[in-house]
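Enquirer: Let's see this in three dimensions:
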Amino acid sequence: MSSFFRARRVGYTAATLTILTTGSYLTLRAPHASSNNHGGPNGQLESLRRKIADPTAVVPSRGVQKKHLIGAERSNPLDILVVGGGATGCGVALDAVTRGLSVGLVERDDFSSGTSSRSTKLIHGGVRYLEKAVFNLDYGQLKLVFHALEERKQVIDNAPHLCHALPCMTPCFSWFEALYYWVGLKMYDLVAGRRLLHLSRYYSAQESAELFPTLARKGKDRSLKGTVVYYDGQMNDSRVNVGLACTAALAGAAVMNHAEVVSFIKEDGGERIIGARIRDNLSGTEFDTYAKVVVNAGGPFCDSVRNLADKDAKPMICPSSGVHIVLPDYYSPEGMGLIVPKTKDGRVVFMLPWLGRTVAGTTDSNTSITMLPEPHEDEIEFILDAICDYLNVKVRRTDVLSAWSGIRPLATDPNAKNTESISRDHVVCEDYPGLVTITGGKWTTYRSMAEDAVNAAIKSGKLNPANSSLTSNVRLVGGDGWDPAFFTVLAQEYTRMKVSHTGKVVPGIMDTAAAKHLSHSYGTKGENVAAIAQKENLGKRLAHGYPYLEAEVAYCARNEYCESAVDFIARRSRLAFLDTDAAGRALPRVIEILAVEHKWDKQRQKQEFESATRFLESFKSSKNAQFHDGKHT
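Expert: Numbers count the residues shown, from 1 in each chain. Just a heads-up that it's a prediction; the model follows:
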């Protein structure tokens, strides 16, 4: 009987949502739809696109960017200085510079070194928010879904080489579940409207087993009735982040990683922040940079930045830990994910194919804020136990290739009277003159978050942008002119020249795996990497079983501000996230190539090895799968 009434409620709320969407769809979407048209003069946009897409364009070196920041003096300040080089910070820099503002950005570690590289890799519209909107008749939650779906498609369009649609399967163990999820996901399709990736659909138990062979059909007094498959987006998160930083640099922003704000400079006789003291963490030197407005995009660390302005600032961040593990590819088929909206303890669990492996997760628990968060063994075991309930294969700890923890910066507005609810939406505030803080939110909405932050900065500093936001129409470097068949150009036209163990240079084919990897990681810039592999004899693979080439290390050092071994193994490539054993084996060669590019001495090389080894241990490298003499241990 309770199921009957719940089913009636589904029907009622579906009808209600239909009325809401048909009556308010255009109203809700209007601001975002119009943002696609407010790109200022067409000439400005086209000039910007040509500048970013120019095949000969090279980002200014880190040294040049540092001089530009030093040159921002009190008499000639930047319009905006961004603190933080994650998705939001780099998004702010790109948005601001494309409006014609002078922009600087500093990041104390590397672009995407924090939360932005440790995400679930999904670009999602918020299907769970839709459920809340329906059952609570919450118009605010519905607006969040509309907005996220708009931005989901925007992220994929702006970085087509790094993002794609991914089908996600939801198993149903009762006919009520099948109806419930089918109706809910059809609503999701409806709300997506013109931003729909693909229509959701129902599959029988037999069809589901063919699509996802490792999915269990029976177990624990239940049997699979069928599955509902819907689509969300997936991305290579840190490479999107690095792409944002490099695109902002090509557009004219002075971006600098491994540069930390140690204090703020305040107006003489006043309280307004007018600049910052910055330490170059690679050289140890310090310098001042002046700006009309500082934007704090520190993610989980935004409170520590705010404390530099006011040591008594009320905290905004409620940190939450999300742990993920990586398993071999056979746990999930290529091109199909598995998402269970509610496990036995009420949490969401998923398994998603990603870069030739399987990502599984996730946890959601309170945590403390640290520079290098580590997953706990009990969290890893929780994920393994949770996915075990839905698979027909043995799930083993020895299959874990890598594990990581990320800190979600759930935010509260310090100016709000009621702080009972912690928002997963973003917060923009200026609780100290000249310091605009943007925090919270999620990867999917980074672009609109950045737009909101720049709008607030313009108001705070009384800035005069040349045009309104253009980022809804700007593709990231490597994305303009790219298409899914681009890898064939690399496979047909380039050879991987490599130095053998005997020192002899031998040719190797640019096989499909390597060509597809370069195409999807670098877009049209993949040709530049392939040219290095061919002309500089750097065509050898860095790790057995992975498509990463030696040429990528040299390319990233020259064109993507790769300043350390960890920068490469974690964020320019994703070896540390995919396989800690493979990353450790590639490390000596990565350091050797970077030493040539950056002219490191033996002492620096030793430091890099030790630092990278410690970093890998934070991914539980000593407990993860390892290979000795061809055997998996």
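
Enquirer: and the helix or strand hosting residue 129, how far from the chain's centre?
Expert: Following DSSP states H and E, one finds residue 129 within helix 127-135. Put simply, helix 127-135 sits 24 Å off its chain's centre (Cα atoms, centre = their mean, to the nearest Å).

Enquirer: and what of stretch 75-94?
Expert: The answer for stretch 75-94 is 18 Å, by Cα atoms, centre = their mean.

Enquirer: Ignoring the adjacent residues along the chain, who's closest to the residue nearest the centre of the chain?
Expert: For the chain, residue 237 is the residue whose C-alpha lies nearest the centre (Cα atoms, centre = their mean; 2.8 Å). Spatial nearest neighbour of residue 237, excluding adjacent residues (Cβ to Cβ, 6 or more residues apart in numbering): residue 119 at 4.9 Å. Where C-beta positions appear, they are placed from N, C-alpha and C, glycine not excepted.

Enquirer: what about the one you found, distance to residue 441?
Expert: Look at residue 119 and residue 441: by Cβ to Cβ, to the nearest Å, they are 12 Å apart.

Enquirer: Wasn't residue 324 part of a strand?
Expert: Yes: under DSSP: H, G, I helix; E, B strand; the rest coil, residue 324 sits within a strand.

Enquirer: From residue 387, how far out is it?
Expert: 12 Å.

Enquirer: swap in residue 582?
Expert: Between residue 582 and residue 387 the computed distance is 22 Å (Cβ to Cβ).

Enquirer: again, but for residue 406
Expert: 19 Å.

Enquirer: Please apply the same query to residue 182.
Expert: Taken as Cβ to Cβ, the span from residue 182 to residue 387 is 23 Å.

Enquirer: who's more crowded, the two?
Expert: Each of residue 182 and residue 387 has its neighbours counted (other Cβ atoms under 10 Å); residue 387 has more, 25 against 19.

Enquirer: Which strand or helix spans residue 105?
Expert: Counting by DSSP H and E, residue 105 is found in strand 103-107.

Enquirer: strand partners of that strand, parallel vs antiparallel please.
Expert: Next to strand 103-107 in the sheet, as set by DSSP bridges, lie strand 78-83 (parallel), strand 254-257 (parallel).

Enquirer: list residues touching both of residue 324 and residue 387?
Expert: residue 360 (Cβ atoms under 8 Å, 6 or more residues apart in numbering).

Enquirer: Do a quick rundown of the helices in the stretch 451-600 of the chain.
Expert: 486-493, 512-522, 526-535, 550-559, 565-566, 575-578, 580-598 (DSSP state H, counting those that start in this stretch).

Enquirer: The residue nearest to residue 237: neighbour count?
Expert: For residue 119, using other Cβ under 10 Å, the count is 24.

Enquirer: I'd say it and residue 406 touch.
Expert: Yes: Residue 119 lies in contact with residue 406 (Cβ atoms under 8 Å); the separation is 6.4 Å.

Enquirer: How about the contacts made by the nearest residue to residue 528 once chain neighbours are set aside?
Expert: Spatial nearest neighbour of residue 528, excluding adjacent residues (Cβ to Cβ, 6+ apart): residue 555 at 6.2 Å. By Cβ under 8 Å, 6+ apart, the contact list for residue 555 reads 522, 528, 529, 532.

Enquirer: Dump these to a markdown table, plus neighbour count and distance to residue 551.
Expert: Shown next, in a markdown table, are these (neighbours: other Cβ atoms under 10 Å; distance: Cβ to Cβ, whole Å):
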| residue | neighbour count | distance to residue 551 |
| --- | --- | --- |
| 522 | 27 | 11 |
| 528 | 19 | 9 |
| 529 | 26 | 5 |
| 532 | 22 | 4 |
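
Enquirer: Just the closest of these to residue 197, please.
Expert: residue 522 (23.8 Å; Cβ to Cβ).

Enquirer: Could you check how far the closest one is from residue 239?
Expert: Taking Cβ to Cβ, one finds residue 522 at 8 Å from residue 239.

Enquirer: can you check residue 483 too?
Expert: For residue 483 relative to residue 239 (Cβ to Cβ), the value is 18 Å.

Enquirer: mind listing the helices for the stretch 251-400 of the chain?
Expert: Counting by DSSP H, counting those that start in this stretch, one finds helices in the stretch 251-400 of the chain at the ranges 302-309, 377-388.

Enquirer: and the strands paired with strand 103-107, which is most packed in?
Expert: With neighbours defined as mean count of other Cβ atoms under 10 Å, these peak in mean count at strand 78-83, which reaches a mean of 29.

Enquirer: How about residue 287, nearest residue that isn't a chain neighbour?
Expert: residue 70 (4.9 Å).

Enquirer: Does that neighbour touch residue 289 like I think?
Expert: Yes: contact criterion Cβ under 8 Å: residue 70 and residue 289 qualify, at 7.0 Å.

Enquirer: Between these two, point out the one with more neighbours.
Expert: Taking other Cβ under 10 Å, residue 70 and residue 289 do not tie; residue 289 has more neighbours (26 against 14).

Enquirer: quick one, what contacts the more buried one?
Expert: Contacts of residue 289 by Cβ under 8 Å, 6+ apart are 69, 70, 72, 78, 81, 104, 106, 275, 276, 278.

Enquirer: ok, now residue 204?
Expert: Going by Cβ under 8 Å, 6+ apart, the list of residues near residue 204 reads residue 226.

Enquirer: measure it to residue 171 for me?
Expert: Residue 204 is 12 Å from residue 171, by Cβ to Cβ.

Enquirer: And the lowest mean pLDDT element among the helices and strands of this protein?
Expert: Lowest on mean pLDDT, DSSP states H and E among the helices and strands of the chain sits helix 2-35, with a mean of 37.

Enquirer: Does residue 154 touch residue 447 like I think?
Expert: Yes: look at residue 154 against residue 447 with Cβ under 8 Å: they come within range, at 6.0 Å.

Enquirer: For residue 145, which three-state class applies?
Expert: Applying three-state DSSP: residue 145 is helix.

Enquirer: Touching, it and residue 124? I think so.
Expert: No: the pair residue 145 / residue 124 is not scored as a contact, 10.1 Å apart, by Cβ under 8 Å.
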